[in-house]
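Novice: quick one, what's the 3D model for this:
(one chain, ligands or ions: 1)
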Amino acid sequence: MEHKTALKRLNLLKGHVNSSIDARREASTATFDLAHAQEVLWSILPEGYFDALECASELHGLQDPSLHFDDRDKLRENSYDYLFGLINKMFEKGYTSPEKIAENIDHFCFTINSPGFFDLHASTRFMSHTALYSKTIKNLGTERHHDILMESLAFKTIGCFCLTELGHGSNAKGLETTATYDKNAQEFVINSPTQTSMKFWIGNLGKTAHNAVVLAQLLIEKNGKLVNKGVHCFEFQIRDEQTHIPLPGIEIGDCGMKKGLDGIDNGWMKFNEYRIPREALLNRFGDVTPEGEYKTDIPSDGKRFATSMSALSGGRISVLASTSGLSLWACTVALRFSAVRQQFGPAENETRILDYPLQQHRLIPKFAQSLIFMTGANKVMDLFLKNSSKLFEPGNIQTDVLHSLSSNMKSFITLKSQETIADCRRACGGHGFSFYSLFENMLQYNDIHCTWEGDNHVLRMQTMNFMLKMMKLASQGKSLPQTLEYLALGQFDRPKFSGSVSNTDDLLLMMREVACYQAIKAATKLSSCGLPIIEAFEKYQHFELKQMCETYNDTFLHDNFNELLAKFSCEKTKAVFEKLFLLSMTLTIYENPSVYMLVLGEDNFDKIDENIQDLCAQLRPEIIELTKVLPIPNRANGALGNEDLQVYKRLVQHFTVTEGVTERSNWWKKMYQNR
Ligand SMILES: Cc1cc2nc3c(=O)[nH]c(=O)nc-3n(C[C@H](O)[C@H](O)[C@H](O)COP(=O)(O)OP(=O)(O)OC[C@H]3O[C@@H](n4cnc5c(N)ncnc54)[C@H](O)[C@@H]3O)c2cc1C
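Specialist: Prediction:
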């Protein structure tokens, strides 16, 4: 989309910005071209990002998420209103349609991340319904599931995706729900045979979903015995259309109190001999004939299951986009607040806390790092969309590359974002603890990003396995996927750094060499420790193997940002982004001394500290204007982070609109009982 159109739309979302003295002062010190910076950065966003935001801005009551502090039930209702309101507006304006979404569900999901700035619960609903439920029908279903797919994409049927059970989540192959084929009735009988087999944690299930995709062990009868054909997906109705009560044979409930994300109804479900038609099986990769015979083109149960699950990477990539957005959002709020907040110094003109080097060191490097995360997330989205039509092709290496890359990135970035958001909250002192700062919302939402769409540690193990396979290819001189080409450097010894720690090319080369060295070191450790491979893998998972994965992540992210720098045509603007790039690399090195100290040597490592200080000081005059480069709607920045920097005025506005703030409590008499 044209940058001008995007800017117009983002301005729509700003509301009226009354420029304050603080805001004018900060804008006056910046040296880069804001419009050019936006043009470059927004060019990597998925097409349609601003369509969804524009529709969101037109919905009543969505002006400021920090004014939404309803009770649990109201939050849930509101998030549904938002979901339906937004999608209907997008249909009305012709920005999308059920048919367009069907062409590429992942693309739709990537664009629908943006309205999350207004309501994170509604974003979750979109994801549970579209990225999990509808997408599974599309990927694993066939022609016979077309109508139900289109109903779901028209948002007439709301669905949920039921993999996790009380006893199993990560180990999906171990789940216990059964689907036994009854050839006389040509039906499957769904059962929850044990307490631990009840479906659990399922988003949209507790109170709202009409239908479900349920994963269950498929059992068919052969020679008088039940044979398990492994985990398969089934799509069926779970609630009565007239009463919304669960159908006979199904029990559904709410998972109860959670540590947050109350606007989404996570639910549990138990089956007691619940019968569904044979056609409910999503039969793209395996089918049961009416006579009860199992048919498949992929005979290996393991391969069939892996193929079925492979397209779920899209959900994980949405998490990447969301977590990097949350991290930048938190930095924006904390930086803007810090540019106004004054503590100590001369009585008549106290110092702004962002002018203290300490506050700069806490926030500016995190901003740089989060920006690198965001560009990396968008790169993976782009790669995924370009390859999405081929992801199911047998033997397509790109499927494994994308799966391992996105798993690895999710495992590191969600955790770093969590630290960043928590740091930003503390960097705002007491006001960071206020609901109106929005940090608590961000923290809760990002926290679950570390677990859903695959537990971070479990995901990282999958990357470890893939990388070890790639190491074998590298040792045989075979070609490698582009993201892992550095493995061919053959860096057996610890690299020796001879460049300058202020030169991004030198640091980038070092990062690649270190990543290769760490991978060779990990593979050598595994093969030489004398343990069986599985034991060795488990023993070194948290050490050498983790470092192999972390340096892969660092290398991918910084290589990618380096490519983006080539898109800047304005030298002054490029210079500012080069500083951010150097700062992010420097922070990465600083945060991982056990890997980088021996490579750089003590003297160079000391210079890293100095570089952080210098770069923060150089970026201080730019940083508040830099927050405007982000595609975050201003209205979503709560009381502390508005672009107009009128922090105190907004805080007072926020806490005074809360119902009953100045009223006497209804238990006030108790205050007098001891008198
Ligand atoms: C709010 C919320 C919404 C959700 N929505 C859905 C949904 O819509 N649909 C759905 O199907 N599921 C959903 N889930 C479930 C979620 O996907 C799982 O909780 C997640 O995949 C982690 O699985 P688990 O709970 O089985 O964790 P576990 O695998 O039991 O993990 C527990 C701990 O054990 C560790 N661990 C596990 N295996 C190993 C190993 N081999 N070696 C070493 N350590 C290990 C993990 O790292 C983790 O720290 C949701 C969960 C939540 C909380």
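Novice: please make it C-alpha for all contacts and neighbour counts, starting now.
Specialist: Noted.
Novice: which residues does the one residue in the stretch 101-250 of the chain that gets nearest to the ligand contact?
Specialist: Per CA to the nearest ligand atom, residue 169 is where the stretch 101-250 of the chain lies closest to the ligand, at 3.0 Å. Counting by CA atoms under 8 Å, 6 or more residues apart in numbering, residue 169 touches 163, 175.
Novice: phi and psi next, for it.
Specialist: Main-chain torsions, residue 169, degrees, to the nearest 10: phi -140, psi -70.
Novice: how close does it get to residue 312?
Specialist: 15 Å (CA to CA, to the nearest Å).
Novice: domain parsing of this structure, as residue ranges.
Specialist: 159-298, 463-629 (automatic domain parsing).
Novice: mean pLDDT and distance to residue 87 added to these, as TSV?
Specialist: Shown next, in TSV, are the domains of the chain (pLDDT from 0 to 100; distance: least, CA to CA, whole Å):
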stretch	mean pLDDT	distance to residue 87
domain 159-298	97	15
domain 463-629	96	27
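Novice: turn the ones you listed into TSV, including distance to residue 308.
Specialist: Converted to TSV, these look like this (distance: least, CA to CA, whole Å):
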stretch	distance to residue 308
domain 159-298	7
domain 463-629	18
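Novice: the ones you listed: which one's closest to residue 83?
Specialist: Taking CA to CA, domain 159-298 is the member of the domains of the chain nearest to residue 83, at 11.8 Å.
Novice: could you point out the helix or strand that follows the helix or strand harbouring residue 309?
Specialist: Residue 309 is part of helix 301-310, with elements assigned from DSSP states H and E. Per DSSP H and E, helix 301-310 leads on to helix 313-338 as the next helix or strand towards the C-terminus.
Novice: for that following helix, packing partners?
Specialist: Judged by 3 or more CA pairs under 8 Å, 6 or more residues apart in numbering; DSSP states H and E, helix 313-338 is in contact with helix 105-111, helix 357-387, helix 397-427, helix 439-449, helix 602-626.
Novice: make it 10 Å
Specialist: helix 21-29, helix 105-111, helix 357-387, helix 397-427, helix 439-449, helix 602-626, helix 647-657 (3 or more CA pairs under 10 Å, 6 or more residues apart in numbering; DSSP states H and E).
Novice: quick one: distance of that helix to the chain centre.
Specialist: Taking CA atoms, centre = their mean, to the nearest Å, one finds helix 313-338 lying 8 Å from the centre of the chain it belongs to.
Novice: cool, and stretch 612-626?
Specialist: With CA atoms, centre = their mean, you get 27 Å for stretch 612-626.
Novice: now do the buried residues in it.
Specialist: Neighbour-count burial for stretch 612-626 flags 612-613, 615-617, 619-626 (criterion: 16 or more other CA atoms under 10 Å).
Novice: ditto for stretch 516-526
Specialist: 516-523, 525-526.
Novice: same deal with stretch 382-398?
Specialist: 382, 384-385, 388, 391-392, 398.
Novice: equivalent analysis for stretch 491-505, please.
Specialist: Within stretch 491-505, the residues scored as buried using 16+ other CA under 10 Å are 491, 494-495, 497, 501-502, 504.
Novice: and the two most separated of these?
Specialist: 491 and 502 (23.0 Å).
Novice: can you name the residues that contact residue 601?
Specialist: 496-498 (CA atoms under 10 Å, 6 or more residues apart in numbering).
Novice: now residue 372
Specialist: 324, 366, 554, 557-562, 580-581, 584-585.
Novice: same thing with residue 543?
Specialist: residue 522.
Novice: just how off-centre is stretch 139-155 within its chain?
Specialist: 26 Å.
Novice: what about it, start to end distance?
Specialist: End-to-end for stretch 139-155, by CA to CA: 18 Å.
Novice: please apply the same query to stretch 432-440.
Specialist: Span of stretch 432-440 from end to end, CA to CA: 9 Å.
Novice: just stretch 159-173 next, same as before
Specialist: 22 Å.
Novice: quick one: buried residues of it?
Specialist: Buried, per 16+ other CA under 10 Å, within stretch 159-173: 159-170, 173.
Novice: same question for stretch 436-450.
Specialist: Within stretch 436-450, judged by 16+ other CA under 10 Å, the buried ones are 436-443, 445-450.
Novice: quick one: average pLDDT of it?
Specialist: Averaging pLDDT along stretch 436-450 yields 95.
Novice: picking up where we left off before, mind checking which of the buried residues of stretch 159-173 are in strands?
Specialist: Judged by DSSP state E, these include 159-162 as members of strands.
Novice: which of those come close to the ligand?
Specialist: 161-162 (CA under 6 Å from any ligand atom).
Novice: got the ones in strands among the buried residues of stretch 159-173 as a markdown table, with distance to residue 177 columns?
Specialist: Shown next, in a markdown table, are those (distance: CA to CA, whole Å):
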| residue | distance to residue 177 |
| --- | --- |
| 159 | 19 |
| 160 | 16 |
| 161 | 14 |
| 162 | 10 |
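Novice: identify the farthest-apart pair in the ones in strands among the buried residues of stretch 159-173.
Specialist: Top of the distance list for those (CA to CA): 159 and 162, 9.8 Å.
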